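1. Sequence first, then the predicted structure, then my questions.
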Amino acid sequence: MISVTEAQDLCLALAAPMATETIPLDEANGRVLAAAVNAQRAQPPFASSAMDGYAMQSSDAVIGRTLTVIGESAAGHGWNGKLASGECVRIFTGAPVPVGADTVVIQEDVTRQGDTITINPNLGTGTNIRPAGVDFDAGFSIDAPRLLRPVDLALFAAMNVPQVSVFSKPTVGILATGDELVMPGEAPTSDQIISSNVFAIKAMIEDAGGLATILPIAPDTEDGLRSAMRDLQQFDVAITIGGASVGEYDLVGKIGDELGLTRSFYKIAMRPGKPLIAGQFGSCPFLGLPGNPVSSIVCAKLFVVPLIKKMVGRKDILPTPMTAQLAHDLPANGPRLHYMRGNYDNGLVTAAQSQDSSLLSVLAASNCLIIRPIGDAERKSGETVEILPL
Ligand SMILES: Nc1nc2c(c(=O)[nH]1)N[C@H]1C(S)=C(S)[C@@H](COP(=O)(O)OP(=O)(O)OC[C@H]3O[C@@H](n4cnc5c(N)ncnc54)[C@H](O)[C@@H]3O)O[C@H]1N2
Ligand code: MOO
C-alpha cells in the first residue's frame, strides 16, 4: 500500500491541463482563465463627475459666489464647450467633466434660481471628480491562470473584453457497478439498495469544473462490466465506483487489465478508501473508487477533485488542512491514515461516534475530516489536530 501523498502525486501525473477555448464573458464564471486579459480602454475613459451638481473652476467654488449655468453634461451626453470663470455646467453622476472645470459642487450645496446658482454656506470639500483612468488605464492586464469570480467578469466587461480564453472542461464518466444497485426512484428488490454516492461525486466534479455524466449501472458480470468500461473510455476521465476490492464479484481491476489499463497503483494506506485503483486507458485517466459511500466520497475529495482541478488549469489543487483543538480524547491510530468524520465549531473539533464507511448520514452530519496520521499516538482533549473542511 502506498501513502496518500504518493497516491495524490501519481493521480495528478495521470492528466495534463485541457486545451483552451474562447467563451463569452457571461459563461465564464468559475472557469480558469488561460490567457492574460488586457483592457481595451481606460476606465473611466474621461474625467467624470462622482455626484449630481454643477461643474466649475475651483476658484469659483466659494461660499456666496453666484455663477451662470451655461449648459448641461449628462451621462452619455457630455457638454462640448469650454467653461470660463463665473460659469458653471449642470452635471450628473457619471457625466464627462467639461473642459475648463476642475470641481463639482453638489446640488445640495447651491441655491438655483433660473440660470444662476449661488454657493451655499454649507459648501463641502473635495472635487467630486473621478480622474480618467482612476480605476484602470488602457493596457491594464489581468494575468492567467486565474479562477474567475463574478467580479472578474464585471472587470473584463469594463475593460471592453467580450470573451475570454479558458481551459476546457473535462468530461467525466461515472460508472457505478454492482447487481445490488438501482437508481433512486426505481423499485429495488428486497436485496437491493439505491446507488447514492454517484450523486455526490458528480456534484464534486462539477464544483471542481468538470462535466460529469452518471452512466447506467454496470452489472457484476464480466461481459456487462467490460462493455460498460469500454464505453467509459470515451470520456476525458473515467471513474468507476465499487468492485474495487478482493471478492469474486469485485471485477473492476480484472476487466480494467483486460481492456489495457496501465496501472499506477492499487491500494492506499488510508481509511476509508483503501482499495482505490488508479491508471490510464491510453491517455484517459482512470480511477476505480471503492464502493462504500463514505470511502468513495473521501477518495473523490482527495484524488478525483484534485485531478479535475489540475485539468481545468487550477493551481490550488490539493485540499488544504486547517488545525483545530480536540474536544475530547481520541484513541491511537493504526497503520492507515484515518480521515475521521467530525464537526468543528469555534476552533474545537469533535469526532463522530461511528466511523463506519457505509454511513452517509454521519458524513452528511459532519463538516470536516479529522486527519489521523499513520501510527498517531493517543490524543488528549485540547491537543491540536489537522482537519480538512468538507
Ligand atoms: N476481504 C476483504 N474485504 C474487503 C476489503 C478487504 O481489504 N478485504 N476492503 C474493504 C474496504 S476497506 C472497502 S472500502 C470495500 C470496497 O469494496 P468495493 O470497492 O469492492 O465495493 P463493493 O463491494 O462493490 O461495495 C462496497 C459497499 O458499498 C456499496 N456500494 C457500492 N456502490 C455503491 C453506490 N454506487 N451507492 C451506494 N452504495 C454502494 C455496496 O453495496 C457495498 O455495501 O471492500 C471491503 N471489503
Ligand atoms: O477503505 Mo474502506 O473504505 O475502509 O471502508
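-> Nice, I can see it. On a predicted model such as this, the values are computed, not experimentally measured, just so you know. Ligands and ions are numbered 1, 2, ... in the order given.
2. OK, contacts around Asp135?
-> Residues touching Asp135, when contacts are defined by Cβ atoms under 8 Å, 6 or more residues apart in numbering, comprise Ala42, Gln43, Pro44, Ala158. C-beta coordinates here come from the backbone N, C-alpha and C atoms, glycine included.
3. partner residues bridging the second one?
-> The partner list for Gln43 in beta bridges (DSSP bridges) reads Phe136.
4. so it sits right up against Ala157, yeah?
-> No: using Cβ atoms under 8 Å, Gln43 and Ala157 do not qualify as a contacting pair, with a distance of 10.2 Å.
5. So the two - more neighbours on which side?
-> Set Gln43 next to Ala157 and count neighbours by other Cβ atoms under 10 Å: Gln43 wins out with 19 against 12.
6. quick one: Val312 and Met18 touch, right?
-> Yes: contact status for Val312 versus Met18: in contact at 6.6 Å, counting by Cβ under 8 Å.
7. what sits in contact with each of the two?
-> Counting by Cβ under 8 Å, 6+ apart, the residues touching both Val312 and Met18 are Phe167, Ser168, Lys169, Pro170.
8. and which of the residues you listed is nearest to ligand 1?
-> When the shared contacts of Val312 and Met18 are compared for distance to ligand 1, the smallest value, 21.2 Å, is given by Pro170; criterion: Cβ to the nearest ligand atom.
9. where's the closest one relative to Lys301, distance?
-> Between Pro170 and Lys301 the computed distance is 17 Å (Cβ to Cβ, to the nearest Å).
10. Over to Arg314?
-> 15 Å.
11. coming back round to it: quick one: which two of the shared contacts of Val312 and Met18 are the most distant?
-> Of all pairs drawn from the shared contacts of Val312 and Met18, the greatest distance, 8.9 Å, lies between Phe167 and Pro170 (Cβ to Cβ).
12. and for these two, which residues touch both?
-> With Cβ under 8 Å, 6+ apart applied, the overlap between the contact sets of Phe167 and Pro170 consists of Met18, Met311, Val312.
13. Chain neighbours aside, what residue packs nearest to the last one?
-> Ranked by Cβ to Cβ, 6 or more residues apart in numbering and with sequence neighbours excluded, the top spatial neighbour of Val312 is Gly209, at 3.7 Å.
14. burial count for the closest residue in space to Leu360 that isn't next to it in sequence?
-> Distance criterion Cβ to Cβ, 6+ apart; nearest residue to Leu360, sequence neighbours excluded, is Pro293 at 4.7 Å. For Pro293, the neighbour count with other Cβ under 10 Å is 24.
15. Ok, Leu318 next?
-> Residues within reach of Leu318, counting by other Cβ under 10 Å, total 15.
16. wait, doesn't it sit right on Pro306?
-> Yes: counting by Cβ under 8 Å, Leu318 does reach Pro306; the two are 5.4 Å apart.
17. Give the next helix or strand downstream of the strand or helix carrying Cys88.
-> Cys88 belongs to strand 87-91 when elements are defined using DSSP states H and E. Sequence-wise, the next helix or strand beyond strand 87-91 is strand 103-106, with elements assigned using DSSP H and E.
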